[in-house]
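# sequence? don't have it. structure:
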């Protein structure tokens, strides 16, 4: 447990520092605890992972998919969420069984250029995620405070103060803050759906898988964006690390894996409901009313009030957007620290990592807004999610390969049926990425 201690130069105690680069096993189950107390001990890491599936990038893909295609891609959210559950369960299994997160395990397995290549791709995924958070938070500031978008982008740099304020507060308190933000997002969208009154038949239609719907113009591009926004590469590195904040004896590993799996399944099903609600809101409020070209979150906010007939709808929408950006900021910071230390064994204070990531995100976000205009936020957000989808195979391959290694995993090696499913999903996602690259390349060359 030597890795996570020095983050803020704090000693290891029962209260872990905010970034878990050294918080190995500091949260323990009380002696003689019953089942519910054990469940409560292991609850939390799944929630931190789940917030990454509710970030502004998800909003952009879900809103555009709902406004353009109605509920047609609702099944993509369901299937990609189930895929995310599978891969996150592999990630937590790797962390709990081996005591190594995915970045460390990759550094152990791959040497030289391959290790550096995987690290660079992981960093690109984290920066793309942070760009989406910057744009989403900037847009929320504009909707709530009337700031110009470029001013909101610059204001997001101040979130460093939140990270500094969390020094030494304890990892449990960070999880509680994230829970409050997730509750805000969920509550806001519950209110939105009550006001929008979605059609049950349309919901049922959208939940039935039908690949023919992907033949529609732009549908496959949006579907890939939804997948990238759901099975996020950096979350795999994150989860394999933060699950180790729970203290587990060798004889309790099996129970720990089961409890952590339950935490993950419940948390990601919650994220699936939120993402489904965003798409459903767009389908009900916009597509069903003839507004089929809504590709921007700001346009969605502007139309919500007149369509639903409630001024509260727009306020709830903006507050949920701000909460989603802030919650993802926390987890993005932790993931960046895990990736940097795991691949390069390079330790820097968490606030310094936050500064580096945020600067690398603010620059392209600000450039995009100034060059393409404030109406470009929706396109930029969707593009960041497609970038994430393109990174996925390079995180999934080592994850599936490592957790399928009996010598490494012992009796916790991934069962054959799940290995087959994981490799099948990996192949499908890789094929979709190849199609996307060819499509974009062809468009650029045309």
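Nice, I can see it. Bear in mind the structure is a predicted one, so any value in this text is a computation, not a measurement.

# which one is residue 266 nearest to, not counting chain neighbours?
Of all residues not flanking residue 266 in the chain, residue 46 sits nearest, at 6.8 Å (Cβ to Cβ, 6 or more residues apart in numbering). In this view, the C-beta of every residue, glycine as well, is placed from N, C-alpha and C.

# any idea how far the host helix or strand of that neighbour is from the chain center?
Secondary structure assigned from DSSP states H and E places residue 46 in helix 45-50. Here helix 45-50 is found 9 Å from its chain centre; the criterion is Cα atoms, centre = their mean, to the nearest Å.

# Can you point out the buried residues in it?
By 16 or more other Cβ atoms under 10 Å, the buried positions in helix 45-50 come out as 45-50.

# tell me which of those is nearest to residue 210?
The shortest distance between residue 210 and any of those, using Cβ to Cβ, involves residue 50 and amounts to 27.0 Å.

# Residue 425 versus the closest one, what's the distance?
From residue 50 across to residue 425, the span is 19 Å (Cβ to Cβ, to the nearest Å).

# Same check on residue 323?
According to Cβ to Cβ, residue 323 stands 30 Å off from residue 425.

# coming back round to it: my guess is the residue nearest to residue 266 contacts residue 259. True?
No: with contact defined as Cβ atoms under 8 Å, residue 46 does not reach residue 259; the gap is 10.2 Å.

# hmm, back to that, I'd like the buried residues of helix 45-50 written out as TSV, with distance to residue 214 and pLDDT added.
Below are the buried residues of helix 45-50 laid out as TSV (distance: Cβ to Cβ, whole Å; pLDDT from 0 to 100):
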residue	distance to residue 214	pLDDT
45	33	81
46	30	81
47	31	81
48	32	80
49	27	83
50	26	82
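
# now the helices: where do they sit in the stretch 251-400 of the chain?
Per DSSP state H, counting those that start in this stretch, the stretch 251-400 of the chain has helices spanning 253-285, 297-308, 311-344, 350-372, 377-403. These are given in chain order.

# So which bits of stretch 115-134 are buried?
Applying a neighbour-count criterion of 16+ other Cβ under 10 Å, the buried positions in stretch 115-134 are 115, 118-119, 121-134.

# Please read the previous query as pertaining to stretch 364-375.
Counting neighbours by 16+ other Cβ under 10 Å, stretch 364-375 gives 364-366, 368-369, 374 as buried.

# what's the answer for stretch 185-198, then?
For stretch 185-198, a neighbour-count test (16+ other Cβ under 10 Å) marks 185-186, 188-189, 191-193, 195-196, 198 as buried.

# Now intersect these with the helices, please.
Using DSSP state H, the members of the buried residues of stretch 185-198 that fall in helices are 185-186, 188-189, 191-193, 195-196.

# Okay, now the unreliable bits of this structure?
Low-confidence regions of the chain, defined here as pLDDT under 70, cover residues 1-35, 159-174, 247-251, 291-292, 294-296, 298-314, 327, 437-446.

# Nearest residue to the middle of the protein?
Computing the C-alpha centroid of the chain and ranking residues by Cα atoms, centre = their mean puts residue 52 first, at 2.2 Å.

# Would you mind confirming that that one is in contact with residue 129?
Yes: because the distance of 7.2 Å satisfies Cβ under 8 Å, residue 52 is recorded as touching residue 129.

# any shared contact partners between these two?
Taking Cβ atoms under 8 Å, 6 or more residues apart in numbering as the contact rule, the neighbours common to residue 52 and residue 129 are 232, 234, 328, 332.

# Quick one: residues contacting the residue nearest to residue 266.
Contacts of residue 46 were listed using Cβ under 8 Å, 6+ apart, and they are 88, 239, 260, 263-268.

# same check, this time on residue 368
For residue 368, the contacting residues are 135, 376, 380, by Cβ under 8 Å, 6+ apart.

# Throw the residues you listed into a markdown table and include distance to residue 142 and neighbour count, thanks.
Written out in a markdown table, the entries for these read as follows (distance: Cβ to Cβ, whole Å; neighbours: other Cβ atoms under 10 Å):
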| residue | distance to residue 142 | neighbour count |
| --- | --- | --- |
| 135 | 11 | 31 |
| 376 | 14 | 18 |
| 380 | 15 | 20 |
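
# Can you lay out these as TSV showing distance to residue 94?
TSV is the format used below for the contacts of residue 368 (distance: Cβ to Cβ, whole Å):
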residue	distance to residue 94
135	32
376	39
380	33
